[in-house]
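Visitor: whatever this is, show me its structure:
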Amino acid sequence: MLARVWALCASNMHFGNMSEVLIDVTLTTGLNTMATDASEAEESGYAGIWTFEGAHDPFLPILLAAEHTKDVVLGTSIAVAFARNPMLLANIGWDLQAYSGGRFILGLGTQIKPHITRRFDMPWSSPAARMRDMVLAVRAIWQSWQERGALDYRGEFYQNTLMTPMFMPDPAEVSAFGPPPIWLAGVGSGMTAVAGEVADGFMSHPFCTPDYLAQVTRPTLDRGAAKAGKTLADIQIHHSPMIVIGRDDAELVHARAAVRKQLAFYGSTPAYWPVLELHGRADVGPKLKELSKQGEWDAMATLIDDEFVDTAAITVTDAAQGAHELARRYGDLVHRLGFNTPYRPDRELLAALLGACRRDSGF
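Guide: Numbers count the residues shown, from 1 in each chain. This is a model prediction of the structure:
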């Protein structure tokens with residue numbers, strides 16, 4: 001059941017004088033067990049459920065979760081935007097928002113060029129500009145439906161100029177809460193600035209460090225928001241740092257090895273190299289990329305040194321220490337916080353850590 005969970009997310013934290021922590025859970029379960037897992041998650045007190053586009057479609061599980069829950073927030077973290085088009089995303093987002101009673105968040109990410117062009121067989125170019133265009137096109141479609149008016153969106157990459165009454169959903173379906181908010185994921189400055197300009201929230205990548213969030217992500221979001229007459233305060237920021245957690249030294253060694261391997265995998269992607277560059281490791285990215293082409297996954301992990309593991313990930317030796325460290329590193333940087341565990345963690349240990357986060361007044 002919830003052992004299939006690979007990440008847990010704490011949201012709406014009031015850092016410094018925290019009155020309540022709402023905890024979300026990210027499920028990678030398939031359709032056969034999603035209904036049960038979602039129901040158990042809500043009954044356990046989780047405030048939100050997120051899906052991930054990996055081995056399964058991210059939207060179909062949301063439908064089951066909406067059917068078998070009542071109050072939890074439901075979102076995709078992430079759905080691959082460029083595998084789809086604005087009209088398709090508009091339809092899916094509208095329907096899930098309507099069916100869930102206003103609980104859906106449309107979380108989008110770009111993926112990287114090889115996956116878009118070779119796995120999905122879709123076009124790729126200027127990802128930040130294309131994402132901006134896609135978000136604006138989706139919102140133009142929703143506006144057309146809400147106002148029962150003409151659709152005339154003419155962007156750089158997407159042109160949506162035909163909408164007849166037969167294909168318009170009833171505006172009353174979402175009149176009580178409106179279309180879903182759109183959240184974007186990113187690492188580089190271009191995509192981050194676009195998120196600040198056109199999105200309602202930003203999902204930071206687990207590869208990002210506290211220094212990168214403080215020195216690059218937040219200022220870039222602020223600049224993007226200013227272009228749209230907003231401020232950084234208008235953008236919800238979520239981050240899921242990697243957590244090394246275990247009951248004994250053997251489990252901690254296993255978890256740390258899994259985290260190191262995951263960091264090496266992320267570091268092989270050129271889009272994430274600015275993080276390495278910020279930390280004086282500009283030469284590591286190209287080496288990781290070359291090894292990835294050769295399928296040398298174990299060798300890649302040897303290029304991630306202990307100092308960088310400790311910078312990007314948090315080792316939890318006990319719940320109180322882990323909660324304190326999360327607060328120290330991220331309390332002034334993000335609104336929503338999560339645990340990313342690229343291995344199967346002990347559920348009870350994570351529950352203890354979450355409980356400590358709730359109790360820690362310094363969080």
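Visitor: the closest residue in space to Ala176 that isn't next to it in sequence in helix, strand or coil?
Guide: Nearest non-adjacent residue to Ala176, counting by C-beta to C-beta, 6 or more residues apart in numbering: Gly102, 6.5 Å away. Backbone N, C-alpha and C define where each C-beta goes, glycine included. Following DSSP: H, G, I helix; E, B strand; the rest coil, the label given to Gly102 is coil.
Visitor: quick check, Gly102 in contact with Val174.
Guide: Yes. Using C-beta atoms under 8 Å, Gly102 is in contact with Val174, at 7.2 Å.
Visitor: the more surrounded of these two?
Guide: Set Gly102 next to Val174 and count neighbours by other C-beta atoms under 10 Å: Val174 wins out with 22 against 14.
Visitor: how far away is the more buried one from Ala41?
Guide: Separation of Val174 from Ala41 (C-beta to C-beta, to the nearest Å): 25 Å.
Visitor: how about Tyr266?
Guide: 27 Å.
Visitor: what is the neighbour count of Phe167?
Guide: For Phe167, using other C-beta under 10 Å, the count is 11.
Visitor: same check, this time on Phe207
Guide: Phe207 is flanked by 23 other residues according to other C-beta under 10 Å.
Visitor: repeat for Ala199
Guide: Neighbours of Ala199 using other C-beta under 10 Å come to 30.
Visitor: name the nearest residue to it, ignoring sequence neighbours.
Guide: Per C-beta to C-beta, 6+ apart, closest to Ala199 is Leu184, 4.3 Å.
Visitor: dump the residue contacts of that neighbour.
Guide: Leu184 is in contact with 107-109, 131, 135, 191, 194-195, 198-199, 201-203, counting by C-beta atoms under 8 Å, 6 or more residues apart in numbering.
Visitor: I'd say Pro270 and Ala282 touch.
Guide: No. Using C-beta under 8 Å, Pro270 makes no contact with Ala282, being 11.5 Å away.
Visitor: any idea how far Gln97 is from Gln143?
Guide: In this view, Gln97 and Gln143 are 14 Å apart by C-beta to C-beta.
Visitor: and if you look at Glu277?
Guide: Relative to Gln143, and taking C-beta to C-beta, Glu277 is found at 40 Å.
Visitor: now Thr117
Guide: Between Thr117 and Gln143 the computed distance is 31 Å (C-beta to C-beta).
Visitor: which parts of stretch 99-108 are buried?
Guide: Within stretch 99-108, the residues scored as buried using 16 or more other C-beta atoms under 10 Å are Tyr99, Ser100, Arg103, Phe104, Ile105, Leu106, Gly107, Leu108.
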